[in-house]
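Chemist: requesting a structural model of the entry that follows:
(chains A, B, C and D)
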Number of protein chains: 2
Amino acid sequence: MALAATSNDLGIDIEAIREHVPVRRCKNIAGQSIYRAGQPFGAIYLVHAGSYKTSELAEDGREQVTGFRMRGDLIGVESIGLKTYSSDVIALEDSEVWELPYPAVLRACLHMPELQSRLTFALAAEIRCDRSWMLMLGTLAAERRVAAFLLDVAARYARLGYSAKHFILRMSRIDMASFLALKHETVSRALSRLHDQSFIDVQRREIRVLDVDGLRSMAGISTALN
Amino acid sequence: MALAATSNDLGIDIEAIREHVPVRRCKNIAGQSIYRAGQPFGAIYLVHAGSYKTSELAEDGREQVTGFRMRGDLIGVESIGLKTYSSDVIALEDSEVWELPYPAVLRACLHMPELQSRLTFALAAEIRCDRSWMLMLGTLAAERRVAAFLLDVAARYARLGYSAKHFILRMSRIDMASFLALKHETVSRALSRLHDQSFIDVQRREIRVLDVDGLRSMAGISTALN
DNA sequence: GCTTGCTGTTACAAACCGTTACAAACCGTT
DNA sequence: AACGGTTTGTAACGGTTTGTAACAGCAAGC
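Modeler: Numbering: from 1, shown residues only, chains lettered A, B, ... in the order given. Model prediction:
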């Protein structure tokens, strides 16, 4: 069970959905939001290109990044059943999502029983993924968290057909830190120390994984990748 | 939006479900598990009496309590779609759940369209709840976390018709600490300090809330109990 | 009554991470 | 090429949390 800062793909034919749901392509430039907490809920989204962060906001201003989404990930399912979205989603780079209007998705579920179960499965997967991160946040020290995070990012790139050994982080140190419940300086230090131990090469957002097993043992062995 | 160490009630007529699903009552004595990670998935459960903790286990032995469930809460939805359960659920006291065999639930959804949407809503609520706790764990210091936790427990007792000002915690300091990503000594110290500030009375597991507003301001104002 | 074991509390020391501050690298713009 | 603004890296210091230990309360069992 991968950690995954997100759940994952619908695993269903988007073309089949298209027959019942009017799919609109939405482009976002870096920094732009798909939706923000409080805006009326109307659709869920499938990431087609680029990447996004989701974040929670408290009344008193505290904020926490709760996940990063990339191609194939669903966005907005946490707000199903609500009148308004419950969180913020912001593009980390120029990106594109496909908008799936929710009333239409519901209707499509009646014609495609498979879609309903896929959607339910996606929701359950999201819960499992969140719980895995809770386990990680609650039990690993700073440096280990960063190691686990890198392994997760690597695994997700691998699933998309990209290199798991060499990739560019799309998020800032601050976003990473927020997600990992750390300060950005601590993330910097952790990355430096992982470099000192020859587990990785870091050049700002460019990461080269030199020793997967080293990282894995830091992260609690096979917590990510596979 | 309350935090809730759990999502919440199905909000649907259990009698209506009974017409399509063979509901079995299962009693558990304190310490007994409903299921453990790895056991074949076959049913979801509705808590009827008592309370349970859910916990995640890593391959290397790390363990984390991810929630506490009481009357009206659903258990097992995170494992929907899997062959085996992904976490452990253990009774904190002598308790009872109603077992809802999942294949039967799926079939019932066809006859009761309402049930399907309720279930989806329950899953989405679970995600939102987990995210709220991530926000809390990521942004509040130890003492504030404990305050937020107490407010959440109080709110949940209130929803069940019990006192929100005077209640008995059903979980040990160790379980509380695990859930809050703290050490049990830290929880003890935090409770003592909340007592010193006259926010609460503590007598081991017996809690008396003396100053709700004080607690709330610690927890980031109306994060719970709204 | 007396263990035995578990749970909870408290004190003190130690470790880790956060805070603060500043420097360096990068980016887009001029 | 030079300029500001943003992001990232590094360091010293301080504070919160943890680790360790000893002790008290409580329940079950002998």
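Chemist: just confirm residue A:50 contacts residue A:75, I think it does.
Modeler: No - the pair residue A:50 and residue A:75 fails to qualify as a contact (Cβ atoms under 8 Å) at a distance of 11.8 Å. For glycine as for every other residue, the C-beta is placed from the backbone atoms N, C-alpha and C.
Chemist: looking at the two, which is more packed in?
Modeler: Shown here are residue A:50 and residue A:75; by other Cβ atoms under 10 Å in any protein chain shown, residue A:75 has more neighbours (24 against 20).
Chemist: any idea what that one is bridged to?
Modeler: Beta bridges link residue A:75 to residue A:45, judged by DSSP bridges.
Chemist: pLDDT value on it, please?
Modeler: The pLDDT attached to residue A:75 in the predicted structure is 96.
Chemist: mind listing what it touches?
Modeler: A:34, A:44, A:45, A:46, A:47, A:52, A:54, A:69, A:89, A:97 (Cβ atoms under 8 Å, 6 or more residues apart in numbering or on different chains).
Chemist: redo these as TSV? Include distance to residue B:204 and neighbour count.
Modeler: Shown next, in TSV, are these (distance: Cβ to Cβ, whole Å; neighbours: other Cβ atoms under 10 Å in any protein chain shown):
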residue	distance to residue B:204	neighbour count
A:34	48	23
A:44	46	22
A:45	48	22
A:46	51	21
A:47	49	23
A:52	46	27
A:54	40	23
A:69	44	27
A:89	44	23
A:97	51	28
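Chemist: these into CSV, with extra columns for pLDDT and distance to residue A:137?
Modeler: Listed next are the contacts of residue A:75 as CSV, based on pLDDT from 0 to 100; distance: Cβ to Cβ, whole Å:
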residue, pLDDT, distance to residue A:137
A:34, 95, 25
A:44, 96, 26
A:45, 96, 26
A:46, 94, 27
A:47, 94, 24
A:52, 95, 21
A:54, 95, 16
A:69, 95, 19
A:89, 95, 21
A:97, 95, 27
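Chemist: quick check: the farthest pair among those?
Modeler: Using Cβ to Cβ, the contacts of residue A:75 span at most 14.2 Å, a distance reached by A:46 and A:54.
Chemist: thought residue A:98 was touching residue A:17?
Modeler: No - using Cβ under 8 Å, residue A:98 is not in contact with residue A:17, being 9.3 Å away.
Chemist: how about the residues of chain A near DNA strand C?
Modeler: By the rule Cβ under 7 Å from any atom of the strand, the part of chain A lying against DNA strand C is A:141, A:142, A:143, A:181, A:182, A:183, A:185, A:186, A:203, A:204.
Chemist: switch to 10 Å and redo it
Modeler: Residues of chain A lying close to DNA strand C (Cβ under 10 Å from any atom of the strand) are A:30, A:140-146, A:168, A:177, A:180-190, A:193, A:203-206.
Chemist: for residue A:49, name its beta-bridge partners.
Modeler: Under DSSP bridges, the beta-bridge partners of residue A:49 are residue A:96.
Chemist: how far away is it from residue B:99?
Modeler: As for residue A:49, its distance to residue B:99 is 44 Å (criterion: Cβ to Cβ, to the nearest Å).
Chemist: do residue A:74 as well
Modeler: 30 Å.
Chemist: so those two - more neighbours on which side?
Modeler: Taking other Cβ under 10 Å, residue A:74 and residue B:99 do not tie; residue A:74 has more neighbours (23 against 19).
Chemist: my guess is that one contacts residue A:44. True?
Modeler: Yes - the pair residue A:74 / residue A:44 is scored as a contact, 6.1 Å apart, by Cβ under 8 Å.
Chemist: quick one, strands of chain A?
Modeler: Remark: strands assigned in chain A by DSSP state E are A:24-28, A:33-35, A:43-49, A:51-57, A:63-70, A:74-75, A:88-91, A:95-101, A:166-168, A:200-203, A:206-209.
Chemist: in the biggest helix by length in chain A, what counts as buried?
Modeler: Longest helix of chain A, by residue count under DSSP state H: helix A:113-139. For helix A:113-139, a neighbour-count test (16 or more other Cβ atoms under 10 Å in any protein chain shown) marks A:115-139 as buried.
Chemist: show me the contacts for residue A:127.
Modeler: Counting by Cβ under 8 Å, 6+ apart, residue A:127 has contacts B:77, B:78, B:123, B:126, B:127, B:130.
Chemist: so how far is DNA strand D from the most far-flung residue of chain A relative to its centre?
Modeler: Within chain A, the residue lying farthest from the chain centre (Cα atoms, centre = their mean) is residue A:111, at 29.6 Å. Counting by Cβ to the nearest atom of the strand, to the nearest Å, the gap from residue A:111 to DNA strand D is 45 Å.
Chemist: can you pull the contacts of the residue nearest to that residue when sequence neighbours are not counted?
Modeler: Residue nearest to residue A:111 in three dimensions, not counting chain neighbours: residue A:20, with 5.7 Å by Cβ to Cβ, 6 or more residues apart in numbering or on different chains. By Cβ under 8 Å, 6+ apart, residue A:20 lies in contact with A:104, A:107, A:108, A:111, A:112.
Chemist: over to residue A:202?
Modeler: Residue A:202 is in contact with A:191, A:192, A:194, A:195, A:208, counting by Cβ under 8 Å, 6+ apart.
Chemist: isn't the first one right up against residue A:147?
Modeler: No - the pair residue A:191 and residue A:147 does not pass the contact test of Cβ under 8 Å, sitting 9.7 Å apart.
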